[in-house]
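Participant: sequence plus predicted model, see below.
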Amino acid sequence: MTDAAMTKPTTTEELPTAQPEAKKNEKYYLRFTLPQRYLHAVLFTSFLGLAATGLPMRFSENVPARFFARAVGGFGAILFMHKFCAIVLTLAFLYHVKDIVTRAVMNKEKGLFWGPTSMVANWKDVKDLVGHLRWFVGLGPKPQFDRYAYWEKFDYWAVFWGMIVIGFSGYAMWFAPFFARFLPGWALNAVLVIHGEEALLAILFIFSIHFVNTHLRPDSFPMDMVIFTGKETEEEFRRKRSLEFARLARQGKLEARVSDPPVYWWVNFARVVGFTAILIGLVLLVLTLIAYFGTV
């Protein structure tokens, strides 16, 4: 890849291909590949679908839930869409697990399970968490992060936890006659409670903690575009992941990450999609809280 610089259109009719606010000679670095961004898109789309269809069934006696059910053709239609989104999310999860196994076993990729580029938590993450808490109250400097910060790792592993607990309990209810062959009756009753409560926890976490950590914190507000474009400026790279920037520069691998600026139309499209997803999530969060505290 070569250094990307903005070029002016040769005629007034030509559309800009890069962000107009990008400075001339400003470098962009690739953070997420296209398959990773596609996977994230499938993940958040199917999760929004699961939340939007699961909440009306969880709070079926709530007036907005019954109104929504009538609007889409009844609770049967809602259940059908819920199962469809569950299959999509499961396939995305299995694809990701297959990719990890391939990289670890077949490609023998180093640093996948340990080191500065791993999503596995280590001792540095503990120190970063403590250091961040101290920085919040003015008792120490702000910690410097490598490729993934501790809260990003927590978000990542929350998906694995959710797929195991929520996914298994959901499929146990869906295929109850099969699971009844080797599970006692009380376990099938328990999965109904587990599925609903863990799903509520996931919705509250994603639509509050994850949204704040990723998009609404001061250095990313109002939205972190890197998961949509896959690219970030050199200033963002240095500020958010200074240890990774220094490590790649020291290893002579920094220039290999240089990329072209994201195209203008894609940035605008990503903003629309991202803001729409955040808005839907926040609306669902508010409705969840209203429905939950209205039934306790």
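Facilitator: Yep, that arrived. Numbering: from 1, shown residues only.

Participant: show me the shaky parts of the stretch 1-150 of the chain.
Facilitator: Counting by pLDDT under 70, the stretch 1-150 of the chain shows low-confidence ranges at 1-24.

Participant: ranges for the helices of it?
Facilitator: In the stretch 1-150 of the chain, the segments counted as helices under DSSP state H, counting those that start in this stretch are 34-58, 63-72, 75-101, 123-136, 150-162.

Participant: and these: which comes nearest Ser242?
Facilitator: Across the helices of the stretch 1-150 of the chain, Ser242 has its closest neighbour in helix 123-136 (12.4 Å, Cβ to Cβ). C-beta: built from backbone N, CA, C; applies to glycine.

Participant: could I get the buried residue list for that closest one?
Facilitator: For helix 123-136, burial by neighbour count (16 or more other Cβ atoms under 10 Å) applies to Asp125, Asp128, Leu129, Gly131, His132.

Participant: tell me the contacts of the last one?
Facilitator: Contacts were defined as Cβ atoms under 8 Å, 6 or more residues apart in numbering; by that measure His132 touches Lys142, Pro143, Tyr150.

Participant: out of these, which one sits closest to Trp161?
Facilitator: Of all the contacts of His132, Tyr150 has the smallest distance to Trp161: 16.1 Å, by Cβ to Cβ.

Participant: burial count for the closest one?
Facilitator: Tyr150 is flanked by 20 other residues according to other Cβ atoms under 10 Å.

Participant: if we can go back for a sec, would you list the helices of the stretch 1-150 of the chain in TSV and tack on distance to Pro262?
Facilitator: Converted to TSV, the helices of the stretch 1-150 of the chain look like this (distance: least, Cβ to Cβ, whole Å):
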stretch	distance to Pro262
helix 34-58	11
helix 63-72	36
helix 75-101	24
helix 123-136	29
helix 150-162	21
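
Participant: which one of those helices lies closest to Ala270?
Facilitator: Distance to Ala270, taken as Cβ to Cβ, is lowest for helix 34-58 among the helices of the stretch 1-150 of the chain, at 9.4 Å.

Participant: and that closest one with helix 63-72, angle?
Facilitator: 110 degrees (axes from the mean of the first three to the mean of the last three Cα atoms, to 10 degrees).

Participant: which elements pack onto helix 34-58?
Facilitator: Helices and strands touching helix 34-58, by 3 or more Cβ pairs under 8 Å, 6 or more residues apart in numbering; DSSP states H and E, are helix 63-72, helix 75-101, helix 185-204, helix 226-229, helix 264-293.

Participant: so which of these is the most packed in?
Facilitator: Burial of the helices and strands packed on helix 34-58 is given as mean neighbour count (mean count of other Cβ atoms under 10 Å); helix 226-229 ranks first at a mean of 20.

Participant: between the helices of the stretch 1-150 of the chain, which gets nearest to Met223?
Facilitator: Met223 lies closest to helix 34-58 among the helices of the stretch 1-150 of the chain, at 13.0 Å (Cβ to Cβ).
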